[in-house]
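Visitor: Model the structure of this input:
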Amino acid sequence: MDYELLTILLPAFAAGILVLSTHVVLGKQVLRRGIIFIDLAIAQIAALGAIVVRMDHDLAELAYANIWIPGLFALAGAGIIALLAKYMAEELEAMIGCFYVLSAVTAMLLLSNDPHGAELLKQLMSGQILWVSWQQLLLPTIVYSAILALILYRPKILDGAAFYLLFAVVITLSVELVGVYLVFSTLILPALAINKLQGTRVLLWAYGVGLVGYLLGLYMSATFDLPSGAAIVATLALSAVVFRLVFRLVSRLGLRK
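Guide: So this is what the prediction gives:
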């Protein structure tokens, strides 16, 4: 592997580690709450905010508008979902699905007359992890570290409404780095891989599943010139499936003993 390729892959892999650091913890909580589509909905709403910024040149000229405006969209969406969780708990998953579809359709309508709309939509969905720079990782590193420290200090914070606030902040930054599809996959697939496990080390297994997925995906992307986001989603799924099968096999062998 030549030096130039390495300078591209290293920031991309670092971005993957950053995204995994928070998403594994939050993804486990998403599965526990049974609100699987919340990540897709919030990510899509944040992407809608990013589209609004890129379409309005006056907004785009505001300082850090590409971060705080999608963040406001995501926080508004998370706030509404938090209210729905309180007053419409039985229909919450259906409502979250409606949120996702409505925000996706709104994005398509906004970009329907933009000659570069299809490309922008593709970038926001699939992401451009290979083109992430070290400078872009600075803000997520600070914010994710603060959020992980808060969760470590007060784990119960994930059980209350504050979960939605933390979730919106994390998803906004992650969509900007890796796109909607990888945000969803990084939240759900590692968490799904360890869903049947108990104990203190389950999160370590989830991080392992995620790291293998990102490493394989970046390798496949670089070797076979594949779209990086799609390749990583596929290898994350493969990593999760293989882990579940191996764990099941090991468990059965353990029972026979």
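Visitor: so what's the spatially most central residue of the chain up against?
Guide: Closest to where the C-alpha atoms of the chain average out (CA atoms, centre = their mean) is Val183, at 1.9 Å. The contact partners of Val183, by CB atoms under 8 Å, 6 or more residues apart in numbering, come to Val19, His23, Asp39, Ala43, Ile171, Ser174, Val175. For every residue, glycine as well, the C-beta is placed using N, CA and C.
Visitor: Considering these, which member attains the minimum pLDDT?
Guide: Lowest model confidence among these falls on Asp39, which carries 77.
Visitor: Wait, it touches Ile188, no?
Guide: Yes - judged on CB atoms under 8 Å, Asp39 makes contact with Ile188 at a distance of 7.0 Å.
Visitor: list the residues that contact both of those two?
Guide: Common contacts of Asp39 and Ile188, defined by CB under 8 Å, 6+ apart, comprise Gly27, Val30.
Visitor: Which one's more surrounded, these two?
Guide: Each of Asp39 and Ile188 has its neighbours counted (other CB atoms under 10 Å); Asp39 has more, 26 against 22.
Visitor: How about the more buried one, nearest residue that isn't a chain neighbour?
Guide: In space, Asp39 comes closest to Leu187 once its chain neighbours are excluded; the distance is 4.6 Å by CB to CB, 6 or more residues apart in numbering.
Visitor: Just the element for the one you found, please.
Guide: According to DSSP states H and E, Leu187 maps onto helix 180-193.
Visitor: what's the burial count for the residue nearest to Asp39?
Guide: Neighbours around Leu187, by other CB under 10 Å: 32.
Visitor: where's it relative to Val233, distance?
Guide: 12 Å (CB to CB, to the nearest Å).
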